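Visitor: Next come a sequence and a model predicted from it.
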Amino acid sequence: MMIDLHTHILMGIDDSNFDKESLLVALRNAEKEGVRKIFVTPHYVQFEVENSTQIISEEMAKLQALIKQENIDITLYIGAEIFVTLDLPMLLEQKKVPTLNHSRYILIEMPLGMVPRYMDLLIYQLCMKEYVPIIAHPERNVRIQKHPKYLQNFIEKGALVQMNAGSIMGDFGGRAKTAARLFLKHNMVHFIASDAHDAHHRPLKLLDAKNVVEKIMGKQDASSLFEHNAAAVILNQYIQTPDIKPIKRKWYSFGER
Ligand SMILES: [Fe+2]
């Protein structure tokens, strides 16, 4: 069984490029791959895309009804991919943004081209309020690709890491692929999800990546990343994570940035 922690499958309120037909095909394929639980995580960008918890849960209920009607054995869970802002603790307090299945876990997204200087402070503030931030696809961030210590620091401060299945397969380029594999080997990944947006370029697929990850780290550790840690999120349980193996070598192979 697999659980997909990060998807954009709510048509209409997200930047999803699925239509009803292609989404149902994708969901049936996901079911065949062994996915039984999927988080819907539409983008939340303060001042830009502010879908409320109520709107997301209404759209999710509609999609869940369709899935049931089509006899697909998949259960949906609420979430959002929240673009980082120092207002996030306040937004959570005011219940303006949903956590993952109403748990202490939240999925957060950084810009891809930089690491905001306030990330340390944000992670600290969230952890002080007993939230657990899960950083979406850091292997795609160009600063983190070059300086993985940023990510190591965030994990040591209490954040967890979600990696995209496509990154492992090379769908986001060689740098993301190299970073993805490096982070896996150094215990710096806690969830692998599809981040699906459409049927072709960013599909709802996990199994190919799972096969690769099993070769890198073995079946048992792979199952934590594709199922067990996400199951703990659903139940709002503590997630035991292995110690990071620090990345010692310098990271100049991509040239200066
Ligand atoms: Fe996403």
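Guide: Arrived safely, thanks for sending.
Visitor: only C-alpha atoms for contact and neighbour calcs from this point on.
Guide: Fine.
Visitor: For the helix or strand where residue 151 lies, which helices and strands make contact with it?
Guide: For residue 151, the host element (DSSP states H and E) is helix 149-156. Here helix 149-156 touches no other helix or strand, going by 3 or more Cα pairs under 8 Å, 6 or more residues apart in numbering; DSSP states H and E.
Visitor: Can you show me the strands along the stretch 1-150 of the chain?
Guide: Assigned by DSSP state E, counting those that start in this stretch, the stretch 1-150 of the chain shows strands spanning 2-4, 35-40, 43-44, 75-78, 81-83, 105-109, 132-136.
Visitor: Could you list the residues in contact with the fifth one?
Guide: Residues from elsewhere that reach strand 81-83, judged by Cα atoms under 8 Å, 6 or more residues apart in numbering: 6, 41-46, 97, 106-111, 136.
Visitor: please redo it, this time with the cut-off set to 6 Å
Guide: The contact list for strand 81-83 (Cα atoms under 6 Å, 6 or more residues apart in numbering) reads 41-45, 107-109.
Visitor: would you turn these into TSV with neighbour count, pLDDT and distance to residue 131?
Guide: Formatted as TSV, the contacts of strand 81-83 follow (neighbours: other Cα atoms under 10 Å; pLDDT from 0 to 100; distance: Cα to Cα, whole Å):
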residue	neighbour count	pLDDT	distance to residue 131
41	26	97	17
42	27	97	19
43	24	97	19
44	23	97	17
45	16	97	19
107	25	98	10
108	23	98	12
109	21	98	15
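Visitor: hey, where'd the helices end up in the stretch 1-150 of the chain?
Guide: Using DSSP state H, counting those that start in this stretch, the helices of the stretch 1-150 of the chain run over 20-33, 53-69, 88-93, 119-128, 142-146, 149-156.
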